[in-house]
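K.L.:
Return a 3D structure for these sequence lines:
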Amino acid sequence: MRKWILDMLALQELDMRIRNLKLRLSMLPVEKEKLSSENVREQEAMKEAKTKMQKTELEIKQLEAAIQKENSEILRFQGQSIMVKKNEEYKALMSEIEKCKSKIGDVESKQIEAWDQLEKEKSIFKECEKNFNERSKSVQSELKELDQLGTDLKEEIAKVKSGRSALEMKIDPEMLSDYTRLLNGKRGTPLVKVNQENCGNCHLKLTPQTINTAKKGVMIRCDNCSHMLYVDDTKGE
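P.N.:
The predicted structure follows:
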């Protein structure tokens, strides 16, 4: 192959390496955001479980207050029963006491149900809290790894770029300009091999004239996608 082809392929290899490194670097924010979102979901689940648990705890306190209120009423009616002399009044007070006891029975049933519910909610909360704490540690570790990967990628990009200038100087300025334009277009590689009678970029068939020009080692563009073509004559093509 001609020297300009070898030089441009060497430059292209560096540029493809840089492109891939930059692509990997560009994916890091999305990966970090995904990790953070997962952690937020775990936190929200924990908060929701805690809110339900606190709501049930409040309900239990309200039920306890209701029982205390009815017990106070019973004591009041019992105090009044000592003072009354008429049998009808006494029976009326006893009836009120029974009503209070009935209400207490109903509230105690609800209280038992609430305690059972609270135990379940406590178990769910503990599980959510455990998941959140474990995931938080994992996320922080993974975020640090991604930060380090970002640093490593930037260092690698700088390292690869440092050897690029010397290769650029070996290439004809006009060819380099065409190459750079195609490179910035981010559509495959600027310089592509002729595969039998097809372009290595768009894979469409080339004209015989284009193929013959490429075989001579003269820079020629694809008739369809305008990418630069070369023939790998080291393999007998």
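
K.L.:
tell me what the strand or helix carrying V107 is packed against?
P.N.:
Using DSSP states H and E, V107 maps to helix 87-162. Using 3 or more C-beta pairs under 8 Å, 6 or more residues apart in numbering; DSSP states H and E, the elements in contact with helix 87-162 are helix 3-83. Where you see a C-beta, it was placed from the backbone N, CA and C, and this is true even at glycine.

K.L.:
Tell me which other helices or strands the helix it packs on touches.
P.N.:
helix 87-162, helix 164-168, helix 173-184, strand 191-195, strand 228-230.

K.L.:
How is this structure partitioned into domains?
P.N.:
Per automatic domain parsing, the structural domains of the chain span 19-163, 172-235.

K.L.:
Among those domains, which comes closest to I5?
P.N.:
Closest approach to I5 among those is made by domain 172-235 (4.7 Å; C-beta to C-beta).

K.L.:
For E168, which non-adjacent residue is closest in space?
P.N.:
L176 (6.1 Å; C-beta to C-beta, 6 or more residues apart in numbering).

K.L.:
hang on, C225 is in a helix, isn't it?
P.N.:
No: secondary structure of C225 (DSSP: H, G, I helix; E, B strand; the rest coil): coil, not part of a helix.

K.L.:
What distance do you get for the residue nearest in space to the middle of the chain to N195?
P.N.:
With distances taken as C-alpha atoms, centre = their mean, the residue of the chain nearest its centroid is K34 (1.3 Å). From K34 over to N195 the distance is 39 Å, taken as C-beta to C-beta, to the nearest Å.
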